[in-house]
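Chemist: below are the sequence and a predicted model for it; my questions follow.
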Amino acid sequence: MNCEICDKRTTNPVKIRLEGAVMNVCESCAKLGERVSPMPVFSSRREKEFEMSKEEIVEDYSSLVKSAREKKGWTQEQLAREILEKEFIIQRIEQGRMPPTIVLAKKLQRALGIHLITMVAQEKVELGKSQDSGFTLGDLIKVKKK
Ligand SMILES: [Zn+2]
């Protein structure tokens, strides 16, 4: 293609911004304007972070813990000792009266070989960024110029 400024043939055009317009120019004319950097990588990576999932305790945690413990032939007290917790905590969990915290659930998972944690996709709305989905590089530049 040809340079949009000097019309010289160039095999490796450079995108620059000159007085608000984006042009494809040759290497030597590139100095006349500001180089337009390619779309920043972070934007797509960030988008994924917004959709990252969050850990939640499964609904049937009580029966899972109880049956896994009984399979091992442990009493509630033995299980409590195994994960360094109080016996009444195990009782409450098995009665379904108190879901374990993520930390506790992880200890139970290790001790009993069960899965108590499920990954739940987080709503994008929670981060209050939903209205920014139409964000373009052009918008980014406008923001920077202010
Ligand atoms: Zn040129």
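Modeler: Sure, I can see it.

Chemist: give me the domain ranges for this protein.
Modeler: Domain segmentation of the chain under automatic domain parsing yields 1-37, 53-121.

Chemist: redo those as JSON lines? Include mean neighbour count, distance to the ion and mean pLDDT.
Modeler: C-beta: built from backbone N, CA, C; applies to glycine. As requested, the domains of the chain are exported to JSON lines (neighbours: other C-beta atoms under 10 Å; distance: least, C-beta to the ion, whole Å; pLDDT from 0 to 100):
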{"stretch": "domain 1-37", "mean neighbour count": "14", "distance to the ion": "3", "mean pLDDT": "90"}
{"stretch": "domain 53-121", "mean neighbour count": "15", "distance to the ion": "49", "mean pLDDT": "95"}
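
Chemist: so what's Gln109 closest to, chain neighbours aside?
Modeler: Leu116 (5.5 Å; C-beta to C-beta, 6 or more residues apart in numbering).

Chemist: shouldn't that neighbour be in contact with Ala105?
Modeler: Yes - with contact defined as C-beta atoms under 8 Å, Leu116 reaches Ala105; the gap is 4.2 Å.

Chemist: which neighbours do those two have in common?
Modeler: Contact with both Leu116 and Ala105 is made by residues 57, 61, according to C-beta atoms under 8 Å, 6 or more residues apart in numbering.

Chemist: relative to Ser28, how far out is Gln109?
Modeler: Going from Gln109 to Ser28 by C-beta to C-beta, to the nearest Å gives 63 Å.

Chemist: cool, and Glu82?
Modeler: Distance of Glu82 to Ser28, given as C-beta to C-beta: 73 Å.

Chemist: much appreciated, bye for now.
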